[in-house]
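# the following comprises the amino acid sequence and a computationally predicted model.
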Amino acid sequence: MFCYRCKGQIYGFYTFLTLEICFQVLNEHNQKLEWIVGKWRSEFSGKIFWPTVPTMTFGEELVINEAPIAKSANVQFLNFSARAWSHSTKDHFHDEWGFLTVDPVGNATLMTTGNNGFTTYETGTVSPNKLVLTLKDIGRISFSRDLPVEDLRRTFIRHDDRYMEQVIEMRTATHPKVGYLEHTRVVYTKLK
């Protein structure tokens, strides 16, 4: 795993940038997520389904990469970011930022916050080429207009070296009464 660091030096009116390449190693627990690390993008394969909204197509870019170890806790997280937009109008849908990690027992944790007014804490299991997370806690801004999400399941499946799929299923205050309904499905292509 590698990362880039950019350093700048100012000489008079000119700034010279140097690019430093450093190699990062995922710890033994996060190595279970090595298959999900990278930049993934879908231009138009994302689909939104929900009983109260029209079915829509969207694009999304997902970036999962190494983050510096939190020295205070000695925990290695992966940075997680997702940005979605309407395929037809190019309007911005939402952003999510967060952190993903695997604990010594093999349980995965994803914490996210988004510009849609939600903060989530999800836990689950990771297996080769599959990560399934369920909602443990959710926070929401008081004036959000969305229906309260009561439960959520997020599944990532890597189909091969180029393609990965994410499915989000959920339950709100009104739909369904029990279980989950599929809300979004997107197939990404891994970017180099």
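Received it, and whenever you're ready, just let me know what you need. From a predicted model like this one, the values you see are computed outputs, not experimental measurements.
# whatever helix or strand residue 49 lives in - what's its average pLDDT?
Using DSSP states H and E, residue 49 sits in strand 38-50. Mean per-residue pLDDT for strand 38-50: 92.
# try stretch 164-174
95.
# how about stretch 98-117?
Mean pLDDT, computed over stretch 98-117, is 94.
# how about it: buried residues?
By 16 or more other Cβ atoms under 10 Å, the buried positions in stretch 98-117 come out as 98, 99, 100, 101, 102, 108, 109, 110, 111, 112. For the C-beta atoms, the positions are set from N, CA and C on the backbone; glycine is no exception.
# stretch 160-179 now?
Using 16+ other Cβ under 10 Å as the test for burial, stretch 160-179 gives 164, 165, 166, 167, 168, 169, 170, 171, 172.
# report the rounded mean pLDDT for stretch 123-133.
97.
# who's in contact with it?
Contact partners of stretch 123-133, identified using Cβ atoms under 8 Å, 6 or more residues apart in numbering, comprise 32-33, 35-36, 102, 106-110, 122, 134, 136, 153-159.
# can you turn the buried part of those residues into a ChimeraX selection?
Here is the ChimeraX command that selects only those of these that count as buried (16+ other Cβ under 10 Å):
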select :32,33,35,36,102,108,109,110,122,153,154,155,156,158
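# in strands only, show me the contacts of stretch 123-133.
Mapping the contacts of stretch 123-133 onto strands (DSSP state E) picks out 102, 107-110, 122, 134, 136, 153-158.
# would you point out the most distant pair within the residues you listed?
The span of these, defined through Cβ to Cβ, is set by 136 and 158 at 23.8 Å.
# per-residue pLDDT, residue 19?
Residue 19 is given a pLDDT of 46.
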